[in-house]
Each structure stands twice: as structure tokens, then as C-alpha cells.
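Enquirer: Kindly generate the corresponding structure for this input.
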Amino acid sequence: MRLRSLLFVPGDRPERFDKAAASGADALILDLEDAVAPAAKAAARGAVAARLRTARGDVAVFVRVNPLGTALLDEDLAALGGLLPDAVVLPKAEGATSVRDLAARLAAVGIDAPILPIATETPAAIFQLGSYAGCGVPLAGLTWGAEDLPAAIGAATSREEDGRFTAPYELARSLALFAAHAAGVAAIETVYPAFRDEAGLAVYAARAARDGFTGMMAIHPAQVATINAAFTPTDAQVAHARAVVAAFAAAPGAGVLQLDGKMIDAPHLVQARRLLARV
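Expert: Take a look at the predicted model:
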């Protein structure tokens, strides 16, 4: 499943579903959690269930349910039972135990879908990031959030005035990135809230791609094109990667080679293969 851009859509706004699907996003995340007021939860569940019963074309449809341990999740699963989202997004996930718990509950209501945990939204979650590797549950990826954790620990904000994350949230971001790769799943960057700041989004998404994230969540259709561009290898990158692979194929057993006047070795070959896998 190609996951460069994952666009949130409030579950209680079904009139937005088609527009979101036409945005170019690789996946929609139909939200039953924070974007939906308590009074609108029932309507949102009905709208999301109806959407899951329709043909979805090439755009994957994920559903963000409410957190484990809440009655709201019970109601979400009752409404979605027997349906087939492409993945279920778990907010406030706290490691392998939490995804196993949700997987069992999904199976109990006839939902066969991988899970995308939002893996840094509570203090306890930070200490469980390494547990996703080998958790035994199909994961659609792993992502992180920078909004709930500050509230959970009484921090004023997760960002400096210029938009950069403060030190605790840079740490959470890095750990989530490494946790995703340790688990062998897609590393999904968190949202860029200033949806009218196209230049800032481009810088943010490019930084994420540079650092090893392979996709990013979006909160507005206008962000999708910029995000897709950031996570799509350029022609020059693809050509270089193919050249690296070809060089090693032509010299089997070589540990170090030269390409365009620069040394290349095993890590460069790994990088090249990873990039070509995204094409």
C-alpha cells in the first residue's frame, strides 16, 4: 500500500468525503475521535460505515477509532463490525499490548484490517515504542502525534515560535521514526497544522523525507500535493539509485566501489534499494 499522504476527514462530514478522495491523497483517515464532537459521534459512525460499504477506488480508507478503554470505542466497533477498512488508526496507543488488544477486539466483530498506531500521545507510550517490533499484529505503519502529549504532561506547547519542535518532541519524533523502521513498517510523519502555510509545509515535509519518514498525515486537501511531491523520489534520485544497484550488480562481491567520483558501499546499496521500492 503506497502511503505518501494520509488525509484526515471528520467522520461527521460525509459531504467532504468525495472531495477528499479526489485530492490525490493515498489514504483517507475518516475520523471518529478528536474531530467529532460527542453529540455527533453517532452520526459520524453511521456516515463512516456507509462510506465503507461503497466502492473506494484507488484511495485507501482508514478509520480512526476512539482510544482503548473508552465506551466510545465499544460503540465505534459495534457500528463498524463486519466492514473492511483498509486500516484502523489507534490513537493513544501504548505499544504491543495495545495493538494486540485492539486486534483481538477487531477480530471479535469481524474486522480484518491492519492497525496504524499513533504511538507517542501519552507519556507511557514513549517507553513502549520499541515493543512494536515483533508485536505479531499486522501494522499499516507507525506514526506519532505532537498535540496530545503536551496536554498530557502539562507542557505549554510542543513547538518553538518559529515552528520547530521543542526538545522533548524532537525526541518523541526521532524515537517514533526508529520504532517504525525497527518494526519494518512505514514511518508516517505527523501533521503540519498551519494548513495555509504552503511554504512552511514544503520545508516540513522535505525534512521528514530527508530524515527517513516515508509519508505524512494531512489535515486539509490543499496539503496533499505538496506532501506527495516531498515523498515521491525525483527522476534524478531514481536514476542515481539505479546506477548504484547496477554498479554492485556488475561487481559481485565488491565491498566498496566508485560512482561519479564518490565512494559507495553497502549502506548506499541499502539506501538505493529502499528508494527504488517506493517508486
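Enquirer: got a list of contacts for stretch 88-101?
Expert: Here stretch 88-101 makes contact (CB atoms under 8 Å, 6 or more residues apart in numbering) with 29, 33-34, 62-68, 102, 106, 111, 113-119, 121-122, 124-125, 127-129, 131-132, 134-137, 139, 145, 148. Just so you know, the C-beta spots here come from the backbone N, C-alpha and C atoms, and that holds for glycine as well.
Enquirer: and what of stretch 268-279?
Expert: Residues outside stretch 268-279 that contact it (CB under 8 Å, 6+ apart) are 2, 214, 231-233, 237-238, 240-242, 244-245, 248.
Enquirer: tell me the mean pLDDT for it?
Expert: On average, the pLDDT along stretch 268-279 is 90.
Enquirer: for that stretch, which positions count as buried?
Expert: Residues of stretch 268-279 classed as buried by neighbour count (16 or more other CB atoms under 10 Å): 268-269, 272, 275, 278.
Enquirer: just how off-centre is that stretch within its chain?
Expert: Mean-position distance between stretch 268-279 and its chain equals 20 Å (CA atoms, centre = their mean, to the nearest Å).
Enquirer: And the helices in the stretch 51-200 of the chain?
Expert: 71-80, 96-108, 123-126, 148-153, 167-183, 198-211 (DSSP state H, counting those that start in this stretch).
Enquirer: Only alpha carbons, please: show the third one as PDB.
Expert: Same thing as helix 123-126. Below are the C-alpha coordinates for helix 123-126, written out as PDB (Å, rounded to 0.1, in the frame of the first residue of the first chain):
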ATOM      1  CA  PRO A 123       3.900   9.600  28.500                       C
ATOM      2  CA  ALA A 124       3.700   5.800  28.900                       C
ATOM      3  CA  ALA A 125       3.600   5.400  25.100                       C
ATOM      4  CA  ILE A 126       7.100   6.700  24.800                       C
END
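Enquirer: mind checking how far it is from the chain centre?
Expert: Per CA atoms, centre = their mean, the displacement of helix 123-126 from the mean C-alpha position of its chain is 18 Å.
Enquirer: Show the secondary-structure elements that it is packed against.
Expert: Judged by 3 or more CB pairs under 8 Å, 6 or more residues apart in numbering; DSSP states H and E, the packing partners of helix 123-126 are helix 148-153.
Enquirer: ok, and what's touching the helix it packs on?
Expert: Helix 148-153 is contacted from outside by 91-92, 120-123, 155-158, 168-169, 172, using CB under 8 Å, 6+ apart.
Enquirer: follow-up on the earlier one: which of the contacts of stretch 88-101 count as buried?
Expert: Using 16+ other CB under 10 Å, the buried ones in the contacts of stretch 88-101 are 29, 33, 62-68, 102, 106, 111, 113-119, 121-122, 125, 128-129, 131-132, 135, 137, 139, 145, 148.
Enquirer: ok so, going back, now tabulate the helices of the stretch 51-200 of the chain in CSV and tack on distance to residue 7.
Expert: Shown next, in CSV, are the helices of the stretch 51-200 of the chain (distance: least, CB to CB, whole Å):
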stretch, distance to residue 7
helix 71-80, 19
helix 96-108, 22
helix 123-126, 24
helix 148-153, 19
helix 167-183, 20
helix 198-211, 13
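Enquirer: Switch those helices over to a markdown table; also include mean pLDDT and distance to residue 254.
Expert: Converted to a markdown table, the helices of the stretch 51-200 of the chain look like this (pLDDT from 0 to 100; distance: least, CB to CB, whole Å):
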| stretch | mean pLDDT | distance to residue 254 |
| --- | --- | --- |
| helix 71-80 | 98 | 53 |
| helix 96-108 | 98 | 40 |
| helix 123-126 | 98 | 42 |
| helix 148-153 | 93 | 46 |
| helix 167-183 | 97 | 26 |
| helix 198-211 | 95 | 28 |
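Enquirer: mind checking which of these is nearest residue 6?
Expert: Of all these, it is helix 198-211 that lies closest to residue 6, at 12.5 Å by CB to CB.
Enquirer: The closest one: which residues count as buried?
Expert: By neighbour count on 16+ other CB under 10 Å, the buried set for helix 198-211 is 201-202, 204-205, 208-209.
Enquirer: Centre of the chain to it, how far?
Expert: Remark: helix 198-211 is offset 15 Å from the chain centroid, using CA atoms, centre = their mean.
Enquirer: Check stretch 84-91 too.
Expert: 11 Å.
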